[in-house]
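S.K.: My questions concern the predicted model and sequence given below.
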Amino acid sequence: MARYIGPKTKISRKFGESIFGSDKSFEKRNYPPGQHGNNRRRGKKSEYAIQLMEKQKAKYTYGILERQFRNLFEKATRSKGVTGEVLLQMCESRLDNTVFRLGISRSRSGARQLVSHRHITVNGEIVNIPSYQLRSGDVIGVREKSKSLQAIQDSLDAHASVYEWLTWNGDTKEGTFVTTPERLQIPENIKEQLIVELYSK
């Protein structure tokens, strides 16, 4: 499936925040991209434009394409609870996102590659579907043959973030998806209500 593989700093500058993680290039030029840079006068954005940008930000953040994202939204609409919150919870419950959150990979794109290349297990079984939806109590681990991979070890050594809905055992290289995170626990700066308003038109 097609994925965005273009310049990430340009996308971060478009949204005015480093959505792909630490980015030195973005810190140097944290204004919108374009020929005239920071000097260009930008008119007031329409309500639709603001809603569309918020949806695009969420899609780029989690690395999800339009059709898949819309399917998630429709599934969230049918679920109990607030649609916008359920949508973000579904994004957070994806296997590739959880591999990234656990620190097994430094980026979501790297995490997707690890899953696709069969380096990751769920409850002891190899799962190679990045969009796999995790449930409370699922155990995510690094496949035995892959535990010696330098890229995984380097990422784990550099990982410092702790998330309340995840636990990690460094000895066995296994983590547990304890429960679906509440909206307040999700650190992403996404105004999910704008996405709901956009899709509801």
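M.R.: Alright, I've got the coordinates.
S.K.: And the most centrally placed residue in the chain, how far from residue 56?
M.R.: For the chain, the residue whose C-alpha lies nearest the mean C-alpha position (CA atoms, centre = their mean) is residue 62; its distance is 3.0 Å. Taking CB to CB, to the nearest Å as the criterion, residue 62 is separated from residue 56 by 11 Å. Where you see a C-beta, it was placed from the backbone N, CA and C, and this is true even at glycine.
S.K.: which ones are touching the spatially closest residue to residue 179 that is not a sequence neighbour?
M.R.: The shortest distance from residue 179 to any residue other than its chain neighbours is 4.7 Å, reached at residue 136 (CB to CB, 6 or more residues apart in numbering). Applying CB atoms under 8 Å, 6 or more residues apart in numbering to residue 136 gives the contacts 177-180.
S.K.: mind putting these in a markdown table, secondary structure included?
M.R.: Conversion of the contacts of residue 136 to a markdown table gives the following (DSSP: H, G, I helix; E, B strand; the rest coil):
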| residue | secondary structure |
| --- | --- |
| 177 | strand |
| 178 | coil |
| 179 | coil |
| 180 | coil |
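S.K.: Mind listing the residues bridging to residue 174?
M.R.: Per DSSP bridges, residues listed as beta-bridge partners of residue 174: residue 141, residue 169.
S.K.: Run a quick check on it versus residue 138, I expect a contact.
M.R.: No: counting by CB atoms under 8 Å, residue 174 stays clear of residue 138, with 10.7 Å between them.
S.K.: and the residue nearest to the centre of the chain, what are its phi and psi?
M.R.: Note on residue 62: its backbone torsions stand at phi -90, psi 0 [degrees, to the nearest 10].
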